[in-house]
Structures are given as structure tokens and as C-alpha cells.
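Colleague: how would this look folded up:
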Amino acid sequence: MEFIYRGAVQFGEPGVFITFEEKREDLIKNVASLGFDLVDLEKRNLLVIDYVKVERNEIEETGSFNLDGLFVRIGYAIDSIGAKRVVLDTIESLFAGISNHSILRAEIRRLFNWLRDKEVTVIITGEQGGGDSITRQGLEEYVSDCVIFLDHRINEQYGTRRIRIIKYRGSIHGTNEYPFIITESGISILPISTVRLDSKSTHERISTGIAGIDDMLGGKGFFRGSTILVSGTAGTGKTSVLAHRLVDFLKEKNITCIMSNLTSTEGSLEKTDVAISSLVDTWILLKELENNSERNRSISILKSRGMKHSNQVRELIISDQGIETKSRQNHSGNKIVSKG
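Modeller: All right, here's what the predicted structure looks like:
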């Protein structure tokens, strides 16, 4: 539907949407959440929606079968508004009542050729077939000029929609999978392989708002515009560190963002559940240690791009006086305390 809507609104190309599943009223209501006003397009002769009802129990296979009636219906809709774009949604519904696969394959091929002769750009949706077959009938991808494959997978409880161009005749195209999202503004695709890290860097440093952390970051704090990750298990003080002047300071100084990540108590703490560690500029790790019948918090800087930073593991003390960091004994046996 976005293909039809954007074509009409942005390029002035009228479109025909043939639906075999949703009634016109339901379709209009459902895509309204994407900001698509289909009624307005219909009034301006930029859109025709035609609901073709196909019920298996109403079909009786007798004699020869063809789609001439559908061709007439689609052809009339195209000619009535001078359509340049056509969508058929979905082809499985169209052929659901036909059991003769030889007729099916012949009519699919004839349908595609007929639409090509009409000189319209057509998107036909279909369901994935079994095994290695991309489509249900195993023919659609061969007679199509372009095949776009969509899927939705769950990995570690995170759902991601993905898009891949399987073929596109006469062109050089990307073959990678790309994540995409559907929002109230429509569909957005993020081609990760083409993303470049070309943003301007700065040497300006700003305080974190906590003197002890500033000291661990070369005494100057973060780079302006950097992204910070604070990770640790429950109770290590992530929220307290973020809430103690740090958030206000970073908002005031235009820091891009701070991510707080709750890590599992199992396995290594020096990793993140969704592999975001490589995307951040500075990674602060908080831990809770048990020693001599005491549980103490610790803080360390795992990485901070472009600066010399402390490699120490310091004690993190949270009290009614605020937050301070305390290093281990130095070479002279004295303790160094940084308060903030």
C-alpha cells in the first residue's frame, strides 16, 4: 500500500489496489494508522480499490478455467484513472480454489505477461512456499522481474523484520538482508552495510558531573557528542550514577545519549545482550564484589575512544554525601579518594 500511496502523493502516479483478502472499508481503516488517507486519493482519481471476493466453497471446477474475467476487471480499473501502479494482494487467495496445478501455472504466467503488456509497474504479494521454494507455486519468482523477500524472526526475544532483494533483472543490486520497521510514518529500511561513520569529531571535553569519574577519564570527562554505556548487574548503582547530576550535565552539554544496560549474573559481565558495545564511545562497567563479609561496588572504564583513561578498578561509594570513587592503595601505601 505504501508503494501505491507514495506513487500517488509524491509522483502523481495513479494506482490500483486489487485485494482478495480485506474489504475496501477494512483496508482504508487499517492503513490510516500509517497516515495514509485513501479516501482522499479516491476522490482525486489517484486510487482505485477493488475487493475481489474468492470463496473456495463458491467455486466449482468444470471444463476449462481462465482468468479472463479478472483481466477485464483489472483493465477497467487501470483505464478509468490512467493507473501507472498496480498491486494484487495476495496471489494465494486468488488461486485458493483451483486444485489443477497445470492450469494454475499457465494462468499465473499469462497474468504476469498481460500486466507487463499493460505497461504498469505491478507488485504481487505471495506467501513463502515449503522447503527451499520462495513462493507457494514455485513459479512466481521465475516470471517476475524483481523478487523481494520479507521475513520476521525472533532472536533472544527480540523481533526483527528483514528485507532482501533476491533478484532484479537488468540491475546490480544489494544481496544482503536489511532490517526494516513499520511506524506511523510508513516503512523505514536501514541498510547497515552502507552506513558510514562520517560524523564530525570534536576534541572538546565536558565533565560527567562526578569528579571521581572525570578523574578516571583523564581528568576531563567525556568528549562532546559521544555515546556512553553504563552496564552492570542489579544493585551495582547504574541508576544512582546516572541520576547523580550526570544526566543533567549531559543534557546541558548536548551529549548524544547514555545507555544503561542490565547484564546477567551468569557468564562474563564484559559483554552486552544485544551487541551494542561496539557502537558506544565510552563503556563504564559497574560490579558488586563480596570480600571479608562485605559487599562493595566497583567501577572501571572498559574503553573510551580517543583518550587516555584509567585502567584501575576503583571502589564506588554511594552515600548521603553523594557518589565518590576510591582507588586501591598506591605505591606509598596511601589511599586516594576522589569525591564528587
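
Colleague: in the sheet, who's paired with residue 85?
Modeller: Beta-bridge partners for residue 85, by DSSP bridges, are residue 15, residue 121.

Colleague: hey, where'd the helices end up in the stretch 201-340 of the chain?
Modeller: Secondary structure of the stretch 201-340 of the chain (DSSP state H, counting those that start in this stretch): helices located at 211-216, 238-243, 246-252.

Colleague: whoops, I mixed them up, the stretch 51-200 of the chain
Modeller: Going by DSSP H, counting those that start in this stretch, the stretch 51-200 of the chain shows helices at 68-81, 91-94, 101-117, 140-143.

Colleague: What sits closest to residue 277 if chain neighbours are left out?
Modeller: Once flanking residues are discounted, residue 277 sits nearest to residue 283: 6.0 Å by C-beta to C-beta, 6 or more residues apart in numbering. Yep, even glycine has a C-beta here, placed from its N, CA and C like the rest.

Colleague: For that neighbour, name its beta-bridge partners.
Modeller: Residues in beta-bridge contact with residue 283 (DSSP bridges): residue 229, residue 303.

Colleague: That one and residue 301, how far apart?
Modeller: Distance of residue 283 to residue 301, given as C-beta to C-beta, to the nearest Å: 7 Å.

Colleague: Looking at the two, which has the bigger crowd around it?
Modeller: residue 283 (23 against 20; other C-beta atoms under 10 Å).

Colleague: Now do the strands in the stretch 201-340 of the chain.
Modeller: 205-206, 222-223, 227-232, 257-262, 282-291, 294-304, 314-319, 322-326, 337-339 (DSSP state E, counting those that start in this stretch).

Colleague: Domain ranges for the chain, per the record?
Modeller: Partitioning the chain according to automatic domain parsing yields domains covering residues 2-144, 205-339.

Colleague: Isn't the residue nearest to residue 277 up against residue 303?
Modeller: Yes. With contact defined as C-beta atoms under 8 Å, residue 283 counts as touching residue 303 (5.0 Å).

Colleague: mind putting the strands of the stretch 201-340 of the chain in CSV, mean pLDDT included?
Modeller: CSV is the format used below for the strands of the stretch 201-340 of the chain (pLDDT from 0 to 100):
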stretch, mean pLDDT
strand 205-206, 86
strand 222-223, 88
strand 227-232, 87
strand 257-262, 65
strand 282-291, 89
strand 294-304, 91
strand 314-319, 89
strand 322-326, 86
strand 337-339, 51
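
Colleague: Where does pLDDT dip in the protein?
Modeller: 55-65, 95-99, 131-132, 136-139, 192-199, 244-258, 260-275, 328-340 (pLDDT under 70).

Colleague: show me the contacts for the residue nearest to residue 277.
Modeller: 228-229, 231, 277, 301-304 (C-beta atoms under 8 Å, 6 or more residues apart in numbering).

Colleague: how long is stretch 179-191 from one end to the other?
Modeller: 7 Å (C-alpha to C-alpha, to the nearest Å).

Colleague: Run through who's touching that stretch.
Modeller: By C-beta under 8 Å, 6+ apart, the surrounding residues in contact with stretch 179-191 are 2, 6, 33-35, 160-163, 174, 176, 178, 192.

Colleague: What of stretch 104-123?
Modeller: Contacts for stretch 104-123 (C-beta under 8 Å, 6+ apart): 3, 16, 65-67, 70-71, 74-75, 78, 83-88, 91, 95, 98, 124, 137, 139-140, 143-144.

Colleague: Would you mind listing the buried residues in that stretch?
Modeller: 104-105, 107-108, 111-112, 115, 120-123 (16 or more other C-beta atoms under 10 Å).

Colleague: With stretch 292-309 instead?
Modeller: 297-304, 307, 309.

Colleague: shouldn't residue 78 be in contact with residue 86?
Modeller: Yes. At 6.7 Å, residue 78 counts as touching residue 86 under the criterion of C-beta under 8 Å.
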